[in-house]
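Peer 1: Prediction below, plus the sequence it came from.
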Amino acid sequence: MDIRIVNPLEFPGWDDALLSMENHSIFHSSHWARALVEAYGYTPLYFSAIQAGKLMALIPVMEVNSIVTGRRGVSLPFTDCCEPLALDQGSLGDLNEALIQYGRSAGWRSMEWRGGGNLFPGEKISSSFYTHTILLPGEEDELASGLRSSTRRNIRKAQKEGIEVSVSRSWDSVQAFFRLNCITRKHHGLPPQPMQFFKKVFEHIISRDKGIVVLGRHRRQVISGCMYLHFGKNAIYKYGASDRRFQNLRANNLVMWEGLRWYQTRGFRCLSLGRSEPENEGLLQFKRGWNGREELLPYHRLDMSRNRYIEARIGTGGAVTKILRNAPIPVLRLIGAAVYRHVG
């Protein structure tokens, strides 16, 4: 078995090779890699086991080189979950060891894995999240029957309130979603992701039929939106945003339902609802209404200098959150453009 460091943007047939591996996602693809590289300037280092020219196992990594957070490896930045992939599971241990040795020789401050918990038996978890995966049935009636009764009621309420839903791959829909995303991030006391990132997601993913934007409108005003990404037969709900002034209309439920229907009618196998923080009870309550399989997702972070697995610091302090909630959106956009590449 030949262990190599591969750039997926230069590897012939990279995306086709992924399709034969279980649990592949858009995050393993060259589409997501190109969006990260062009938006944030990261270096792709995809640790790959290759036999007779065939990809057998993979741990995708981006090197983040920041004057703020140092040089480090992440698998992968701004990615909910990035499980190692393998046709030969036995090769993953050797592949991971090669990754760690590379990080040490390259002077990385740390390495973070967002998935692959089986590679770290007994090691300290840096942080953990919940994931929810919906197995999409062949019939819409079966999809609807699996929903929680309160979720079905909220969908009907949005329909009665006249919420109109559209599914699009247009740049206009991405811009409309970005506006909502800025509002939502401000409410949570966080800067929005840079517009440049969403431009790259549109250019390399959505415009290439690897994603959709679902928008909900009330009296022609966009009040709710979801951005989904997909690869092969697997999809993920990556981003959601809404105008909380219209929360009582339950547009979020109808927008999510139409996204599910879009993927179900096109024969997709499953749809992930992404990661959720354990303390975010409101988000968990929403996601638990869609009949998804709930699992715990551990992250692991290795401090290279101390050679030990450590806990991660997540989020901003209360004072910082309050300041950001009161900042104008143009200021938040400037902050996001300045800081995001350092925290990926």
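Peer 2: Thanks, I have the structure now. Because the structure is a prediction, the values reported are computed rather than measured.
Peer 1: All the helices of the chain, residue numbers only.
Peer 2: 14-18, 30-40, 92-105, 140-145, 149-160, 171-187, 195-204, 251-265, 281-287, 318-325, 329-343 (DSSP state H).
Peer 1: Dump those into a markdown table; add mean neighbour count as well.
Peer 2: (Each C-beta comes from the backbone N, C-alpha and C, glycine too.) Shown next, in a markdown table, are those (neighbours: other CB atoms under 10 Å):
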| stretch | mean neighbour count |
| --- | --- |
| helix 14-18 | 18 |
| helix 30-40 | 21 |
| helix 92-105 | 16 |
| helix 140-145 | 14 |
| helix 149-160 | 16 |
| helix 171-187 | 19 |
| helix 195-204 | 20 |
| helix 251-265 | 22 |
| helix 281-287 | 14 |
| helix 318-325 | 12 |
| helix 329-343 | 16 |
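Peer 1: Name the nearest residue to Gly107, ignoring sequence neighbours.
Peer 2: Nearest non-adjacent residue to Gly107, counting by CB to CB, 6 or more residues apart in numbering: Arg71, 5.9 Å away.
Peer 1: same thing with Arg109?
Peer 2: Closest residue in space to Arg109, ignoring its immediate chain neighbours: Gly70 at 3.9 Å, by CB to CB, 6+ apart.
Peer 1: Look up which residues are beta-bridged to that neighbour.
Peer 2: Taking DSSP bridges as the rule, Gly70 bridges to Ser66.
Peer 1: Could I get the contacting residues of it?
Peer 2: Residues near Gly70 by CB atoms under 8 Å, 6 or more residues apart in numbering: 108-110.
Peer 1: Would you show me how to pick out the buried ones of these in PyMOL?
Peer 2: Burial among the contacts of Gly70 is assessed by 16 or more other CB atoms under 10 Å; the matching PyMOL selection reads:
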select buried, resi 108+110
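Peer 1: Distance across stretch 26-45, terminal residue to terminal residue?
Peer 2: Start-to-end span of stretch 26-45 (CA to CA, to the nearest Å) is 17 Å.
Peer 1: likewise stretch 157-174?
Peer 2: End-to-end distance (CA to CA), stretch 157-174: 26 Å.
Peer 1: Any figure for the gap between the nearest residue to Ser272 once chain neighbours are set aside and Asn248?
Peer 2: Distances taken as CB to CB, 6+ apart put Ile236 closest to Ser272, at 4.4 Å, once the chain neighbours are dropped. According to CB to CB, to the nearest Å, Ile236 and Asn248 sit 28 Å apart.
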